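> Sequence first, then the predicted structure:
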Amino acid sequence: MSIAHLRKEYRRERFDEADAAADPVEQFARWFDEALKAELPEPNAMTVATVDRSGRPSARIILIKAFDARGFVFYTNYASRKGRELAENPHAALLFHWVELERQVRIEGVIEKVDAADSDAYFRERPLGSRHGAWASTQSAVLPDRETLEQKVAQIAREMGDDPPRPPHWGGYRLVPDRFEFWQGRPSRLHDRLQYVPQGQGLWRIERLSP
């Protein structure tokens, strides 16, 4: 089967400068709210791209857990591949793709760890099985088999019970943004692309990019 001719014409909406919020976080909140109201599957799913010390990139899907004027928050194992790469190079990029709305949002910036108290609070909200799993999994490390992981989870459950504390190797990251792009699909691949770049003092400049 040839995939060369697989394509879709994007005709749903347009995105003009007059429609854009002055602040990119507000614009993101508008589009995120529309994704929620459209009942899309996992509208909070995003690609997180990192780069190691040698310049080799990697990417994976993670769920965003909070966002505000300070940045965009997700949680993970600090010793995972992404955690190690962020320790070497704190620059990262996020990508949201809401295919049903024919939209993408690209966000770039610098990563910082969230406060321990915030990580503690979120960890307590997680399902018990996920809390046990955070202790049992040495994320991104090679496993001999599935049974080894399941035995470790069972051991953690026996030892820690129903109220395990947050592991020291697990917590939150916040991407502090310094660039946004809002992408709305348009016919003939002539998409609307509006980029926000910082101007200082909390102000942003909106630029139209060629599709």
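Nice, I can see it.
> Glu102 and Arg12 touch, don't they?
Yes - if you go by C-beta atoms under 8 Å, Glu102 and Arg12 touch, sitting 4.8 Å apart. Every C-beta, even on glycine, is put in place using the N, C-alpha and C of the backbone.
> residues touching the residue nearest the centre of the chain, list them.
Most central in the chain under C-alpha atoms, centre = their mean is Met46, positioned 4.0 Å from the mean C-alpha point. With contact taken as C-beta atoms under 8 Å, 6 or more residues apart in numbering, Met46 is in contact with Ile61, Ile62, Leu63, Ile64, Phe74, Leu94, Leu95, Phe96.
> Filter these down to just the buried residues.
The neighbour-count criterion (16 or more other C-beta atoms under 10 Å) marks Ile62, Ile64, Phe74, Leu94, Leu95, Phe96 among the contacts of Met46 as buried.
> which residue ranges form the helices in the protein?
Along the chain, counting by DSSP state H, helices occupy 24-37, 81-88, 116-125, 128-136, 146-160.
> before we move on, the earlier item: now the residue nearest to the centre of the chain: how far from Phe67?
Relative to Phe67, Met46 is positioned 10 Å away (C-beta to C-beta, to the nearest Å).
> Pull the longest strand belonging to the chain out as CSV, backbone CA atoms only.
Assignment by DSSP state E gives strand 170-184 as the longest strand of the chain. These are the backbone C-alpha positions of strand 170-184, laid out as CSV (Å, rounded to 0.1, in the frame of the first residue of the first chain):
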residue,chain,number,x,y,z
TRP,A,170,9.9,11.3,41.2
GLY,A,171,8.4,14.8,40.8
GLY,A,172,7.3,17.6,38.6
TYR,A,173,9.0,19.7,35.9
ARG,A,174,7.8,23.1,34.7
LEU,A,175,8.6,24.4,31.2
VAL,A,176,9.0,28.1,31.4
PRO,A,177,8.1,29.2,27.9
ASP,A,178,10.0,31.7,25.7
ARG,A,179,8.3,30.9,22.4
PHE,A,180,4.8,29.7,21.3
GLU,A,181,3.3,28.8,17.9
PHE,A,182,-0.4,28.4,17.3
TRP,A,183,-1.1,26.4,14.1
GLN,A,184,-4.5,26.2,12.4
